[in-house]
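# Could you work out the structure for the sequence below:
(chains A and B)
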Amino acid sequence: MKTGIRQTRSIGGNIVVYLVLILFGAFFAFPLVFAINNAFKPLNEIFLFPPRLFVQQPTMDNFYDLFTIMSRSRITFSRYIFNTVFITAAGTFAHIIVASMGAYVVSKYKFPGSRLFFKVVIITLLFSPHVTAIPNFLIMNRLTWVDTYLAVIVPAIAMPIGFFLLKQFMDTVPMTLIEAAKIDGAKELSIFWRIVMPTIKPAWLTVMVFSVQNLWNARATNFIFSEELKTLPYALGQIIGGGVQRAGVGAAVTMFIMIVPLVVFISAQSNIIETMANSGIKE
Amino acid sequence: MAELINEKKQKKRNFLAQKYHDFTFATKNAIAGYLFISPFILGFLVFMFLPILESLRMVFSSVVPDLEQSRYVMTFTGLENLHRVFFDDPEFTRLLTEELLKMAFNVPATIVFAFFVALIINQKFKGRSIVRSVFFLPVILSAGVMLGLETSSGLLSEYRDLIQESNALSTGITGVLEELLLSGGMMDEFLFYVLHIVNQIYNIALVSGMQIIIFLSGLQTISPSMFEASKIEGATAWESFWKITFPMISSLILVNVVYSVIDYFVSSDNSVMLKVTTEISRMDYGFSSAMAWAYFLIVISLVGVIAGIISKRVYYYE
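Numbering: from 1, shown residues only, chains lettered A, B, ... in the order given. Below you'll find the model as predicted:
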């Protein structure tokens, strides 16, 4: 037997790891730091060239301006917030359930047609939403879903990217786990709920982060026309549309919109880390 | 009377149960499978598949929108739209080759970068969860920040132009190194590739957030007992990386390659997609659909070839 295998990294190795992390971390964090700082900059600092990363005279003016504009809008602002929160929550929840159920059987049951279906899903991943925008509108029209929440929520449920990711993760769940449950007398649904879903928790948390980010930023200008159903990003976009004098408010808006997906991710990611270690995938 | 009906119902139920019981294991599996997947298939067919078929029909038609009744009139024109795309349009073929070349540069770099970062942040060190959050930031931020940037006047685009101008003067970070190596007669294709990556590192970092997360969750599915066993058998960290980590994660490399290619091709700053959207906004639906489909067919055959090559080398853990 070989000896002298190090159990822990050397100090030098640690330094290298931290250096690399700091370097790349600075890259990644830059847009966030810039956006947050911008939100607190007075107007003259926003227009400073060359731009400064950090704010010099922090001010809350941008936020005050934002709230004054909000309070003057015809529809109460809480309505826009409700619209987006509702669309995001309902769409994400339904997407995870429906896509996981589909991904589970495609991965583990291999019924006739499942492979073909999966291939079709992969192919449709390549279509930009722009391409299908017009036919999609006509279908919504025929379903009389135009100008309802459904037009935004239901297509998000059938998003192929989530299905694709979930299916790939389902493949890593050992079949023995499911067979064992079956032998113990578990029904299909309880296998799905009590064994498969907890096991792939990191996967659906990833999909959740993805779906929240997608729906939270949905402007839905194609399908929603009544003012009281419009989404938050759309309303905020209108505020920024005021021109150069709204640049400060725009910075505040940007920060405002960023926060929710960020919080969702930060709370989900600690779970992503913890679950897999004791998820029962041990041979 | 009611009893009789109940009895009948009971019988029917018994009969169905008996029938279900008589099915083979495979049939039962198939029934459960279809039941589980039907909601997704339904949504998928109506909101993805039908629109795509409709746009395929547009490829071979001239489309005249009828805004009054919110529908359009299609007349069959055969291959005319496709002919326009490849032979009449001055930009399409040039943009297409440019984008394909750029992709050939960026996708491998993205995968290697994401894998590298995922490996590092999967290690145990202090402040790990903060670091992980930081590395996923671009994915979270892209849409939100972009919304702000796009709409907040021309200010930022002016910044961008100015920065680009000053970059053009100093020819990027690696300009000096490039000259040095060129004069030393050392410049070959590979070196050029590496230098290109270094110049592109920020863009690559920004698009690799999702890939990092996929790799990271994959790394966490590897059971620690495997590493323990290999350590007891006397494997070094280097050996256990190539013999355990790499094979276990190889299926996710395929996922990530497909994901990166797709992400790259449908991103809105891709110049072919940009052209398609401008044609759509000019209401030239037949032409834009033909362009999108031509583009799509080229990409899908590429993905097919890449996936075919990689999936032969992928190891599936059973």
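# What residue spans form the domains of chain B?
B:1-42, B:83-143+B:196-313 (automatic domain parsing).
# How many residues are close by A:V263?
A:V263 is flanked by 12 other residues according to other Cβ atoms under 10 Å in any protein chain shown. Placement of C-beta: from N, CA and C, glycine included.
# Tell me who's in contact with the residue nearest to the spatial centre of chain B.
A centroid search over chain B (Cα atoms, centre = their mean) returns B:Y259, at 2.7 Å, as the residue closest to the centre. Contact analysis of B:Y259 by Cβ atoms under 8 Å, 6 or more residues apart in numbering or on different chains lists B:210-211, B:214.
# pLDDT score for whichever residue of the stretch 201-318 of chain B sits closest to chain A?
Going by Cβ to the nearest Cβ, chain A is nearest to B:Q220 of the stretch 201-318 of chain B, at 3.7 Å. The model reports B:Q220 with a pLDDT of 77.
# Packing partners of whichever strand or helix holds B:A109?
Element membership of B:A109, judged by DSSP states H and E, is helix B:92-121. On a contact count with 3 or more Cβ pairs under 8 Å, 6 or more residues apart in numbering or on different chains; DSSP states H and E, helix B:92-121 meets helix A:11-39, helix B:128-151, helix B:189-207, helix B:209-221, helix B:246-266, helix B:271-281, helix B:285-313.
# thought A:F63 was touching A:G248?
No - judged on Cβ atoms under 8 Å, A:F63 makes no contact with A:G248 at a distance of 9.4 Å.
# More neighbours: which of these two?
Under the criterion of other Cβ under 10 Å, the comparison of A:F63 against A:G248 puts A:G248 first, with 25 against 18.
# neighbours around residue 222, how many?
No chain in the question, so chain A it is. A:N222: 15 surrounding residues under other Cβ under 10 Å.
# switch to chain B, that's the one I care about
B:I222: 19 neighbours (other Cβ under 10 Å).
# where in chain B is pLDDT low?
Scanning chain B for pLDDT under 70 picks out B:1-2, B:20, B:65-71, B:129, B:136-200, B:202, B:268-269, B:316-318.
# Quick check: the residue of the stretch 201-318 of chain B closest to chain A touching A:K201?
No - contact criterion Cβ under 8 Å: B:Q220 and A:K201 do not qualify, at 10.8 Å.
# quick one: which of the contacts of B:Y259 has the most company?
Going by other Cβ under 10 Å, B:Q211 tops the contacts of B:Y259 with 26 neighbours.
# which residues sit in contact with that one?
So B:Q211 contacts B:110-111, B:114, B:256, B:259-260 (Cβ under 8 Å, 6+ apart).
# Report the buried members of these.
Restricting those to buried positions leaves B:110-111, B:114, B:256, B:259-260, with burial counted as 16 or more other Cβ atoms under 10 Å in any protein chain shown.
# that older thread, could you look over the domains of chain B and pick the most buried one?
Highest mean neighbour count among these (mean count of other Cβ atoms under 10 Å in any protein chain shown): domain B:83-143+B:196-313, with a mean of 18.
# what's the first-to-last distance across it?
One end of domain B:83-143+B:196-313 sits 39 Å from the other (Cα to Cα, to the nearest Å).
# hmm, back to that, could you export the contacts of B:Y259 as JSON lines, including distance to A:V173?
Below are the contacts of B:Y259 laid out as JSON lines (distance: Cβ to Cβ, whole Å):
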{"residue": "B:M210", "distance to A:V173": "21"}
{"residue": "B:Q211", "distance to A:V173": "21"}
{"residue": "B:I214", "distance to A:V173": "16"}
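# what's the closest of those residues to B:I31?
Using Cβ to Cβ, B:I214 comes nearest to B:I31 of the contacts of B:Y259, at 32.3 Å.
# is it true that that closest one touches B:V258?
No - between B:I214 and B:V258 there is no contact under Cβ under 8 Å: 10.8 Å.
# Okay, B:F87 and B:A290: tell me how far apart.
12 Å (Cβ to Cβ, to the nearest Å).
# tell me the mean pLDDT for stretch A:163-172?
The model assigns stretch A:163-172 a mean pLDDT of 81.
# what's next to it, contact-wise?
Here stretch A:163-172 has contacts from A:99-100, A:102-104, A:106-108, A:118, A:121-122, A:125, A:196, A:200, A:202-204, A:206-207, A:210, A:281, B:40, B:44, B:214, B:217-218, B:221, B:251-252, B:255, B:316-317, using Cβ under 8 Å, 6+ apart.
# And that stretch, how far out from the chain middle?
In terms of Cα atoms, centre = their mean, to the nearest Å, the centre of stretch A:163-172 is found 17 Å from the chain centre.
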